[in-house]
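Q: Here is the input, now give the coordinates:
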Amino acid sequence: MKGNKAYWDQRYQEKKLGWDIGSISTPLKEYIDQLLRKDLKILVPGAGNGYEVGYLHKQGFGAVYALDISEKPLAGFQERHPDFPKDKLLVSDFFELKHSGFDLILEQTFFCALLPRDRERYVIKMHQLLTEGGILAGLFFDFPLTEQGPPFGGDTAMYRALFAPYFHIRRLERAYNSIPPRQGTELFFIFEKKSD
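A: Have a look, this model is predicted:
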C-alpha cells in the first residue's frame, strides 16, 4: 500500500526517487543559513537521503534528528556521514514517533508524500512534537491535489485551512528560489505553533 514501510523500502531499493534532487534544496539552505541558534533541537521527518540533515550537521547544529520509515536511506546517510550520531537517526513511522520538544521541524517533500487522508493527523502530530512557540518551516508543493501520487498536491487555501487552527501562519508564499525543475510549484512557509 502507498505510504507504508514496504512501499518506501521498495522505492529506495529500486531507486525510484523522483523527488530526490541530490542535494539540499535552495530554499531550505537559505533558511538554514539565517538561523542564529546552533542549539536548536531540529527534526527532519521523511528525511530520505538526508541532504538537509547533513547540511545542518556540517553547519554545527548539534541536535538534529533524521526520521524515516525506511532504514535504507538512513543507512546510506550513516555511511556518507560516519560522524553523525547514530542515536539521532530514527527509523519509525512519523505518527508513532515518541520524541518531542523540537524547536524546529523542517518540511521537504514529506507532507505531499503522505496519503491525503493523513494530512490532518500530520498537522496535529506536528503540533504535539514542537515546543511552545516552535516552528514548522519548509516547502509544500503547489499543484492540484490528485488521486495519483506521491507526491499529492495542494494549494495555499488548503494549507491555510489545515494549519491555521494549530499554527500562526507567519509566511506562506511562492518560493522565489526553487530549483529550475520546481519553479512555480513550491510554496515556502514558516508556521509557529499556537499555544495548547
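
Q: Who are the contact partners of the nearest residue to residue 92 once chain neighbours are set aside?
A: Using Cβ to Cβ, 6 or more residues apart in numbering and skipping the chain neighbours, the partner closest in space to residue 92 is residue 67 (6.2 Å). No exception for glycine: its C-beta is placed from N, CA and C like everyone else's. For residue 67, the residues meeting the contact criterion (Cβ atoms under 8 Å, 6 or more residues apart in numbering) are 43, 44, 45, 46, 47, 90, 91, 92, 94, 97.

Q: at 7 Å what do you get?
A: Listed by Cβ atoms under 7 Å, 6 or more residues apart in numbering, the contact partners of residue 67 are 43, 44, 45, 47, 90, 92, 94, 97.

Q: so which of those residues comes closest to residue 119?
A: Top of the list for closeness to residue 119, among the contacts of residue 67 and by Cβ to Cβ, is residue 94 at 12.2 Å.

Q: surely the closest one meets residue 44?
A: No: because the distance of 11.1 Å does not satisfy Cβ atoms under 7 Å, residue 94 is recorded as not touching residue 44.

Q: ok, the two, which is more surrounded?
A: Neighbour count, other Cβ atoms under 10 Å: between residue 94 and residue 44, residue 44 has more, with 27 against 20.
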